[in-house]
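Asker: Okay, structure incoming, though there's no sequence with it:
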């Protein structure tokens, strides 16, 4: 350990830090760490301390009582395929995360799930974006800067409001404006941004011309025009890509997505609309959800679709980032799009058919996830244990007052109990190893406790073959992960096929003793990652 710590501190300047932070689930601001070598040393100490505290096999785990999953929860757990490949943000390695390019790529590679992080725009559109800020993954600083968009008044006027009315609403908007935060911008404004350009700069070896917009959005003739490249995605977009579709675009590459004032607000001034929305007390005063976006004709059949139908794995962020009715909004969108199994039960049960992924047509088509206790409780109040849900684990250093002690068997068992009591079917622990160096929360003793509980185990995030070998081992003593959040679907799929976890019949079923599991209809080969991007037009 002493040598490892010395090596890390000695080589602070040479570490590939940016890759770590771009993939972090609970990312510490890059500027904070990079700006102070002393802070970097503290960070490294915390990693080593967490690694040492959690990585040893704790023989006492077998003596700790762990709550086992109820029959009701177990039935929903079984909606999820074993050894699921979860395309983390589509990919953070091969394409700009949580965009059309990343999710189309993941679908065509044969991933079981397209994963995302959900937030909410000023006008109530559910958006996929990991960071609290839009600075890293868009060119928002270039387009809008740190101030409220200068085009905001034009935007209001383009909807038919008077200049005086628009100016006064602009002033109200300023009072609650937070630069670069999702909830400060209308979705139409977010579609003016380029969500792919940053990727080519951050990872030049993976740069591709097709990721970059030919122009940013602007106002032309009093009308708002979107950009022409990769967009900040809506939840409806993610569902469309999982369904074999792509964005409908005009001749110049601009997406087709008209919007209009909702019928109940037509004929009102902006002040009247603001007063009505405020009186509902459903939102903080930052939100103005008076627009409808017409997603009906926003997509077209993807000519490069090869027939895979993955599910979606969507994360509720910390509640403070979103409106109080966030979970209900997601429920309603899933319902509208035909992806809510509570109101529209799935008719198919096979996860794979004829060498194609079919998860998106089964009861496992949607998995919910969150790190937040409050968000898990809120989601359970809406979805009532009837949709698979994952409680994600993260080791805060220093610990927060209500944290479970995840480094001890007793504390880990408490987390499992709490997760089950609040409707979770899956545990999602962090794993150690480069490039992210997360705290180890999936050591053998932790994996054993999860297995004893009857819950699925979906660790995050896999980037290397070594990590796959560490956590999806093949010896009799190993407890392989039941699913993998991966930034490299190509790598994870190949490993699972090569090691006999995928594309086989007669696999032992760890949750139904004496029975076997059959995924022999899963794809047996993995497409070339680069060739797939080229085939998709990137």
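Answerer: Great, that's in hand. Because the structure is a prediction, the values reported are computed rather than measured.
Asker: in the helix or strand hosting residue 74, what counts as buried?
Answerer: Residue 74 belongs to helix 71-77 when elements are defined using DSSP states H and E. By neighbour count on 16 or more other CB atoms under 10 Å, the buried set for helix 71-77 is 73, 76, 77. In short, each C-beta sits where N, CA and C put it, glycine included.
Asker: Likewise for stretch 165-176?
Answerer: Here stretch 165-176 shows 165, 166, 168, 169, 170, 172, 173 as buried, counting by 16+ other CB under 10 Å.
Asker: Which ones among these lie within strands?
Answerer: Using DSSP state E, no member of these falls in strands.
Asker: got the contact list for the residue nearest to the spatial centre of the chain?
Answerer: In the chain, the centroid-proximal residue (CA atoms, centre = their mean) is residue 116; its distance is 2.1 Å. By CB atoms under 8 Å, 6 or more residues apart in numbering, the contact set of residue 116 is 89, 98, 128, 233, 235, 238, 312, 313, 314, 315.
Asker: which non-adjacent residue is nearest it?
Answerer: In space, residue 116 comes closest to residue 128 once its chain neighbours are excluded; the distance is 3.9 Å by CB to CB, 6 or more residues apart in numbering.
Asker: repeat for residue 441
Answerer: Take residue 441 and drop its neighbours on the chain: the residue closest to it by CB to CB, 6+ apart is residue 429, 3.6 Å away.
Asker: burial count for the one you found?
Answerer: Burial of residue 429 is recorded as 28 neighbouring residues (other CB atoms under 10 Å).
Asker: Just want to check the distance between it and residue 471.
Answerer: Between residue 429 and residue 471 the computed distance is 10 Å (CB to CB, to the nearest Å).
Asker: any shared contact partners between those two?
Answerer: Common contact partners of residue 429 and residue 471 (CB under 8 Å, 6+ apart): 442, 459.
Asker: circling back: residue 67: which of the buried residues of helix 71-77 is nearest?
Answerer: Nearest to residue 67, judged by CB to CB, of these is residue 73 at 10.5 Å.
Asker: quick one: the closest one and residue 425 touch, right?
Answerer: Yes. Contact criterion CB atoms under 8 Å: residue 73 and residue 425 qualify, at 5.4 Å.
Asker: joint contacts of those two?
Answerer: Applying CB under 8 Å, 6+ apart, one finds that residue 73 and residue 425 are jointly contacted by residue 385.
Asker: partner residues bridging the residue nearest to the centre of the chain?
Answerer: Beta-bridge partners for residue 116, by DSSP bridges, are residue 314.
Asker: now do residue 293
Answerer: Residues in a beta bridge with residue 293, per DSSP bridges, are residue 259.
Asker: need the contact list for it.
Answerer: When contacts are counted by CB under 8 Å, 6+ apart, residue 293 touches 125, 187, 188, 234, 257, 258, 259.
Asker: Turn these into a markdown table, including secondary structure.
Answerer: Listed next are the contacts of residue 293 as a markdown table, based on DSSP: H, G, I helix; E, B strand; the rest coil:
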| residue | secondary structure |
| --- | --- |
| 125 | coil |
| 187 | helix |
| 188 | helix |
| 234 | strand |
| 257 | coil |
| 258 | coil |
| 259 | strand |
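Asker: Specify which member of the residues you listed is nearest to residue 134.
Answerer: Using CB to CB, the contacts of residue 293 come closest to residue 134 at residue 187, 12.4 Å.
Asker: Can you give me the separation between the closest one and residue 210?
Answerer: 23 Å.
Asker: which one of the two has more residues nearby?
Answerer: Legend: neighbour count by other CB under 10 Å for residue 187 and residue 210, higher for residue 187 (23 against 14).
Asker: In contact with that one, which residues?
Answerer: Counting by CB under 8 Å, 6+ apart, residue 187 has contacts 121, 122, 123, 125, 127, 232, 234, 259, 291, 293.
Asker: Now for the residues you listed: which two are most distant?
Answerer: 232 and 291 (15.7 Å).
Asker: Please say which of the two ends up with more neighbours.
Answerer: The neighbour count for residue 232 versus residue 291, taken as other CB under 10 Å, is higher for residue 232 (28 against 19).
Asker: contacting residues around the nearest residue to residue 64 once chain neighbours are set aside?
Answerer: Among residues not flanking residue 64 along the chain, residue 409 sits closest, at 4.1 Å (CB to CB, 6+ apart). Contact partners of residue 409, counting by CB under 8 Å, 6+ apart, are 58, 60, 61, 63, 64, 445, 449.
Asker: how close does the fourth one sit to residue 452?
Answerer: Applying CB to CB, one obtains 11 Å for the distance of residue 63 from residue 452.
Asker: now swap in the third one and tell me
Answerer: Using CB to CB, residue 61 is found at 8 Å from residue 452.
Asker: Neighbour count for the two, which is higher?
Answerer: Set residue 61 next to residue 452 and count neighbours by other CB under 10 Å: residue 61 wins out with 21 against 18.
Asker: that's a helix at the more buried one, yeah?
Answerer: Yes. When classified by three-state DSSP, residue 61 is found to be part of a helix.
Asker: hang on, isn't it packed against residue 447?
Answerer: No. Taking contacts as CB under 8 Å, residue 61 lies outside contact range of residue 447: 9.5 Å.
Asker: one step back: are any of the contacts of residue 293 buried, and which?
Answerer: Using 16+ other CB under 10 Å, the buried members of the contacts of residue 293 are 125, 187, 188, 234, 257, 259.
Asker: And stretch 298-316, what's buried?
Answerer: So, applying 16+ other CB under 10 Å, buried residues of stretch 298-316: 298-299, 302, 305-306, 308-316.
Asker: Quick one: end-to-end length of that stretch, please.
Answerer: Across stretch 298-316, the terminal residues are separated by 25 Å (CA to CA, to the nearest Å).
Asker: gap between that stretch and the chain center?
Answerer: 15 Å (CA atoms, centre = their mean, to the nearest Å).
Asker: One more: stretch 417-435?
Answerer: 15 Å.
Asker: Can you mark which positions in that stretch are buried?
Answerer: 417-420, 422-433, 435.
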